[in-house]
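> Have a look at this fold, sequence not included:
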């Protein structure tokens, strides 16, 4: 527990924060080891992720007050990025209600992802590792770097699923929901579930 607290405090101290009248911007860089897993926990907002040949996770986060009734408002001065880093796992979150979070992220190509998004969009470019993505309401768009996958499993409760660039896919379509499963001989797994919305994956 002491180690976790120390890591969170240290991360908070080195985070660059800038305030405007209606939004807060946070910037952060985190050194990662190869094959680490980064977990994003975002209640409402968007994640735009691109990969590159490096070893540092780079974050640029914009936090704005969500549209709500006049009885409730968020104090943007309370915005805080929590980073829990241990072994080969990193948890990133801003645990705050009544805000919309826009994450712009650069990650090393050899990093795995675990994403929980309540409402919003996930967009990932040139991805080539394992990812587990769970979205309540919204859309997921991923461009894969290659087909080095053992399993691709895509499912919506209400909405559409599209997988392009892969042959022999197993598609199941019911009245409102759709799922696609593809099996290959690669190393990695891609699992995406959206409650209401769309999933688009292409190689």
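Arrived safely, thanks for sending. Everything numeric here is computed off the predicted structure, so don't read it as measured data.

> Any stretches of the chain with poor pLDDT?
1-21, 68-73 (pLDDT under 70).

> quick one, strands of it?
Remark: strands assigned in the chain by DSSP state E are 16-19, 23-31, 37-52, 56-65, 82-86, 89-93, 99-108, 112-127, 131-144, 149-164, 170-173, 178-183, 188-202.

> want to try a markdown table for those, with mean neighbour count and distance to residue 75 as columns?
Using the backbone N, CA and C atoms, a C-beta is placed for each residue, glycine as well. Below are the strands of the chain laid out as a markdown table (neighbours: other C-beta atoms under 10 Å; distance: least, C-beta to C-beta, whole Å):
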| stretch | mean neighbour count | distance to residue 75 |
| --- | --- | --- |
| strand 16-19 | 12 | 11 |
| strand 23-31 | 16 | 10 |
| strand 37-52 | 19 | 16 |
| strand 56-65 | 18 | 9 |
| strand 82-86 | 16 | 17 |
| strand 89-93 | 18 | 18 |
| strand 99-108 | 20 | 10 |
| strand 112-127 | 19 | 21 |
| strand 131-144 | 20 | 25 |
| strand 149-164 | 18 | 34 |
| strand 170-173 | 11 | 46 |
| strand 178-183 | 18 | 41 |
| strand 188-202 | 19 | 30 |
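
> Of these, which is nearest residue 76?
Of all the strands of the chain, it is strand 23-31 that lies closest to residue 76, at 4.8 Å by C-beta to C-beta.

> Run the chain-centre distance for the closest one.
15 Å (C-alpha atoms, centre = their mean, to the nearest Å).

> Direction included, what does it pair up with?
The strands beside strand 23-31 in its sheet (DSSP bridges) come out as strand 16-19 (antiparallel), strand 56-65 (antiparallel).

> I'd like these as CSV, with distance to residue 43 appended.
Formatted as CSV, the strands paired with strand 23-31 follow (distance: least, C-beta to C-beta, whole Å):
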stretch, distance to residue 43
strand 16-19, 20
strand 56-65, 11
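
> Compare these and report which one is nearest to residue 196.
strand 56-65 (23.1 Å).

> Give me the residue at the spatial middle of this protein.
Closest residue to the average C-alpha location of the chain: residue 115 at 4.1 Å, with C-alpha atoms, centre = their mean.

> Please tabulate the strands of the chain in CSV, including the columns distance to residue 74.
Output for those, formatted as CSV (distance: least, C-beta to C-beta, whole Å):
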stretch, distance to residue 74
strand 16-19, 13
strand 23-31, 10
strand 37-52, 11
strand 56-65, 5
strand 82-86, 16
strand 89-93, 15
strand 99-108, 5
strand 112-127, 15
strand 131-144, 20
strand 149-164, 29
strand 170-173, 40
strand 178-183, 36
strand 188-202, 25
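
> Pull the contacting residues for the residue lying closest to residue 143 once chain neighbours are set aside.
Once flanking residues are discounted, residue 143 sits nearest to residue 125: 5.1 Å by C-beta to C-beta, 6 or more residues apart in numbering. Going by C-beta atoms under 8 Å, 6 or more residues apart in numbering, residue 125 touches 49, 50, 51, 143.

> returning to that earlier point: would you check how far apart the residue nearest to the centre of the chain and residue 124 are?
Per C-beta to C-beta, to the nearest Å, residue 115 is found 9 Å from residue 124.

> Thanks a lot, see you next time.
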